[in-house]
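Participant: structure for this input, please:
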Amino acid sequence: MTGNCIINIISIVDDVISPESGYIAGKKIGNAANGRRFKKGKTKVIADFTGIDKMSEEFIWNLSKALYIRNYAIKKSRIVFSGLTNMAINAIEETIAEVAKSRTESTRPKLSIDKMTVCPTCGIKANLSNESGYWRWTCSKCGAYVGCHKDSMDHLPLGILADPELRQWRMKIHNVFDMLWIYKMKKTMFSKHQSRRLAYQWLGKTLQMEANECHIALFTLEQCKKAYSVCLPYARVIASKRTIEEGSVL
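Facilitator: Numbering: from 1, shown residues only. Below you'll find the predicted structure:
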């Protein structure tokens with residue numbers, strides 16, 4: 001006879017559906033489903049969501065992330081969602097698939113190495129050199145350069161070549177852009193990779209750019225200035241929140 005392990009989600013999140021509580025719920029469900037006493041597949045875990053009217057996208061993402069990490073895709077037959085509409089269950093299933101996809105996607109620039117090693121100003125092929133132990137591609141005419149990924153055997157450039165002014169602007173936009181995805185990561189429990197990917201998706205839509213072109217390492221001077229003006233207001237809000245949380249004077 002099949003037994004059941006009923007997990008009441010209400011008790012897990014204390015009636016507060018916060019983004020972080022989604023991961024707590026998914027972790028507890030996943031641990032129960034993967035427990036030793038369920039190895040023979042004779043027992044099902046019933047996750048009871050009765051009484052929860054609404055789950056935020058962040059809650060569903062974190063719930064799905066925890067379930068995916070605990071091999072939900074393989075063992076999902078052991079889990080029964082109770083108190084959820086079919087629409088909510090479908091949303092969880094779709095998000096789990098998105099989590100799986102996001103863990104295999106890269107946030108690196110999608111352009112080929114041939115395109116990234118041509119100087120955008122002079123139009124000539126850059127030369128690969130090793131200075132002070134660091135590999136980089138340098139234009140022999142104007143001196144623009146770009147570094148390489150440390151883990152790349154082919155010396156894949158970090159982006160397109162840049163002169164001093166463009167390099168300064170790229171660092172400037174990174175200072176504000178990175179604040180956004182790091183803040184998102186801490187508040188939603190997304191991974192570093194997921195937070196950066198979602199931040200680039202948002203920035204790309206805002207700047208009306210193609211997904212494979214939206215990367216700071218590929219930005220021109222004009223694009224850097226536009227991106228900076230978009231991210232700066234949000235970065236200021238985050239900075240203000242941090243100051244308040246730390247008890248500092250604004």
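Participant: dump the residue contacts of the closest residue to Tyr134 other than its chain neighbours.
Facilitator: Once flanking residues are discounted, Tyr134 sits nearest to Gly147: 6.4 Å by C-beta to C-beta, 6 or more residues apart in numbering. Heads up, the C-betas are built off the backbone N, CA and C, glycines and all. By C-beta atoms under 8 Å, 6 or more residues apart in numbering, the residues touching Gly147 are Tyr134, Trp135, Arg136, Pro157, Leu158.
Participant: determine which two of the residues you listed are furthest apart.
Facilitator: Tyr134 and Pro157 (12.3 Å; C-beta to C-beta).
Participant: centroid-nearest residue for the chain?
Facilitator: Residue closest to the average C-alpha location in the chain (C-alpha atoms, centre = their mean): Gln194, at 1.5 Å.
Participant: list the buried ones in the helix or strand harbouring it?
Facilitator: Using DSSP states H and E, Gln194 maps to helix 192-207. Residues of helix 192-207 classed as buried by neighbour count (16 or more other C-beta atoms under 10 Å): His193, Gln194, Ser195, Arg196, Arg197, Leu198, Ala199, Tyr200, Trp202, Leu203, Gly204.
Participant: so who does Leu128 touch?
Facilitator: Contacts of Leu128 (C-beta under 8 Å, 6+ apart): Thr117, Trp135, Arg136, Trp137, His155.
Participant: excluding its backbone neighbours, what's nearest Ser18?
Facilitator: In space, and not counting its chain neighbours, Ser18 is closest to Phe59: 7.3 Å by C-beta to C-beta, 6+ apart.
Participant: that older thread, buried subset of the contacts of Gly147?
Facilitator: For the contacts of Gly147, a burial check counting by 16+ other C-beta under 10 Å picks out Trp135, Arg136, Pro157, Leu158.
Participant: does the first one really touch His155, like I thought?
Facilitator: Yes. With contact taken as C-beta atoms under 8 Å, Trp135 and His155 are classed as touching, separated by 5.1 Å.
Participant: list residues touching both of these two?
Facilitator: Common neighbours of Trp135 and His155 (C-beta under 8 Å, 6+ apart) are Leu128, Cys148.
Participant: for Ile6, phi and psi?
Facilitator: Ile6 adopts backbone torsions of phi -90, psi 120, taken as degrees, to the nearest 10.
Participant: surely it meets Ile46?
Facilitator: Yes. With contact taken as C-beta under 8 Å, Ile6 and Ile46 are classed as touching, separated by 4.6 Å.
Participant: list residues touching both of Tyr134 and Pro157?
Facilitator: Counting by C-beta under 8 Å, 6+ apart, the residues touching both Tyr134 and Pro157 are Gly147, Cys148.
Participant: count of neighbours near the residue nearest to Leu221 when sequence neighbours are not counted?
Facilitator: In this structure, Leu221 finds its nearest non-sequential neighbour in Leu166, 5.2 Å apart by C-beta to C-beta, 6+ apart. Leu166 has 21 neighbouring residues, counting by other C-beta atoms under 10 Å.
Participant: what residues are up against Leu166?
Facilitator: Going by C-beta under 8 Å, 6+ apart, the list of residues near Leu166 reads Ala144, Thr220, Leu221, Cys224.
Participant: host element of it?
Facilitator: Using DSSP H and E, Leu166 sits in helix 164-188.
Participant: buried sites along that helix?
Facilitator: 166, 169-170, 172-174, 176-181, 183-185, 188.
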